[in-house]
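Asker: Got a sequence here, can you build the structure:
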Amino acid sequence: HAFVGRDDVVREVRQILRQPYNNAIVLYGQRRIGKTSVLHELKAKLPQENAYLIVLFDLLNKSNWSLEKVLQALANKISDVLEQEKDVLKQKKRDLGEEPETTFRKFLTELLENLPSEQS
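Answerer: Below is the predicted model:
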């Protein structure tokens, strides 16, 4: 309710997301300047405009995790978000196995290919 002063950032993100093949975004800055607030504002507003599925994944305190553990947690978070959406492809928790990077790429590619056409 008290989101102020960041409309320019939200506007910029919306503009970038409209570009289907050039829409990677890195939001960075010093601590306590409102990065998480921007993400929560986007989570609240983006699904109203389009059928975006928002997955917030915080890397704070995960710097000592192995890549396998981070990818596993991210795959589980994505699955959790999809489970909450009633008309979206249902995903089970995944064990990324012996080759987590390759398996995660396959998981993400398959998921994106099977989303309904109106979902992003």
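Asker: can you tell me how far the residue nearest to the spatial centre of the chain sits from residue 108?
Answerer: The centroid of the chain falls nearest to residue 55 when counting by Cα atoms, centre = their mean (3.3 Å). From residue 55 over to residue 108 the distance is 11 Å, taken as Cβ to Cβ, to the nearest Å. For every residue, glycine as well, the C-beta is placed using N, CA and C.
Asker: anything in contact with each of these two?
Answerer: residue 78 (Cβ atoms under 8 Å, 6 or more residues apart in numbering).
Asker: Might you report the residue contacts of the residue of the chain most remote from its centre?
Answerer: For the chain, the largest distance from the centre (Cα atoms, centre = their mean) belongs to residue 98, which lies 24.2 Å off. Contact analysis of residue 98 by Cβ under 8 Å, 6+ apart lists nothing.
Asker: for it, phi and psi?
Answerer: When quoted as degrees, to the nearest 10, the phi and psi of residue 98 stand at phi -80, psi -20.
Asker: Tell me which helix or strand comes right after the longest helix along the chain, heading toward the C-terminus.
Answerer: Ordering each helix of the chain by length in residues (DSSP state H) puts helix 67-84 first. Once the chain leaves helix 67-84, the next helix or strand it forms, by DSSP states H and E, is helix 100-114.
Asker: where in the chain is pLDDT low?
Answerer: 1-4, 20, 22-23, 49-50, 84-94 (pLDDT under 70).
Asker: 80 instead?
Answerer: 1-6, 18-26, 47-53, 82-94, 115-120 (pLDDT under 80).
Asker: Could the C-alpha coordinates of stretch 111-120 be exported in PDB?
Answerer: What follows is stretch 111-120, C-alpha atoms only, in PDB (Å, rounded to 0.1, in the frame of the first residue of the first chain):
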ATOM      1  CA  LEU A 111       7.600 -26.500 -18.700                       C
ATOM      2  CA  LEU A 112       7.700 -23.400 -21.000                       C
ATOM      3  CA  GLU A 113       6.700 -25.500 -24.100                       C
ATOM      4  CA  ASN A 114       3.700 -26.900 -22.200                       C
ATOM      5  CA  LEU A 115       2.300 -23.700 -20.700                       C
ATOM      6  CA  PRO A 116      -1.000 -22.600 -22.200                       C
ATOM      7  CA  SER A 117      -0.400 -20.100 -25.000                       C
ATOM      8  CA  GLU A 118      -1.800 -17.200 -22.900                       C
ATOM      9  CA  GLN A 119       0.600 -17.900 -20.000                       C
ATOM     10  CA  SER A 120       4.100 -16.400 -19.600                       C
END
